[in-house]
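> sequence first, then the predicted structure, then my questions.
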Amino acid sequence: MFSSLCFRFSIDPQSDPEALFRISSETGLITTAMELDREREHWHNITVIATQRDNPSQVSRVLVAIETLDLNDNAPELDRQYTTALCDSSNAGQVVQVLRAIDRDEGGNDSTVYFSIPPESGVALNFSVRDSGG
């Protein structure tokens with residue numbers, strides 16, 4: 001078994017042009033240099049270079065694939081802009097509009113989204129939200 005003190009580690013800058021990652025030249029420990037965003041980039045492929053300290057002509061390169069896991073960082077949003085017309089003679093309890101929401105987080109559309117009308121809103125006296133089960 002070789003000690004990591006025999007090697008010097010680096011990241012090929014062409015494989016990480018945005019310099020998103022750092023590597024300890026002594027230990028080979030890879031860390032992030034800035035916050036990653038899964039919605040922007042799911043996978044990062046960098047090339048790590050290991051050079052033998054006492055013989056710099058001995059070089060090895062390896063591809064390291066780094067998966068960015070998703071964080072629940074996107075709020076749900078309506079799937080489109082809604083405009084609705086309603087007659088002034090409508091009965092109480094009549095369905096006015098069915099809304100749908102999307103969540104841009106991975107697996108977010110499998111989550112339940114709850115709609116509500118803020119109680120302090122003036123329309124809260126005239127309208128209610130009914131869960132349609134999906």
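Structure's in. What do you need? Numbering: from 1, shown residues only.

> going forward, measure contacts and count neighbours with C-alpha atoms only.
Noted.

> so which elements touch the worst-scoring helix or strand of the chain on mean pLDDT?
Lowest by mean pLDDT, DSSP states H and E among the helices and strands of the chain is strand 101-102, with a mean of 83. Secondary-structure packing of strand 101-102 (3 or more C-alpha pairs under 8 Å, 6 or more residues apart in numbering; DSSP states H and E): strand 77-78.

> for the strand it packs on, the averaged confidence score.
Across strand 77-78, pLDDT averages out at 86.

> residues in contact with it?
Contacts to strand 77-78, defined as C-alpha atoms under 8 Å, 6 or more residues apart in numbering, come from residues 99-103.

> dump those to TSV, plus neighbour count and distance to Leu78.
Output for the contacts of strand 77-78, formatted as TSV (neighbours: other C-alpha atoms under 10 Å; distance: C-alpha to C-alpha, whole Å):
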residue	neighbour count	distance to Leu78
Leu99	12	7
Arg100	14	6
Ala101	15	4
Ile102	17	6
Asp103	20	9
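
> and which of these is nearest Arg61?
Within the contacts of strand 77-78, the smallest distance to Arg61 is 39.2 Å, found for Asp103 (C-alpha to C-alpha).

> now the closest one: closest residue in space, sequence neighbours ignored.
Among residues not flanking Asp103 along the chain, Pro76 sits closest, at 4.4 Å (C-alpha to C-alpha, 6 or more residues apart in numbering).

> number of nearby residues for that neighbour?
18 (other C-alpha atoms under 10 Å).

> my guess is it contacts Tyr114. True?
No. Counting by C-alpha atoms under 8 Å, Pro76 does not reach Tyr114; the two are 9.5 Å apart.

> low-confidence bits of the protein, can you list those?
1-5, 71, 73, 106-111, 132-134 (pLDDT under 70).
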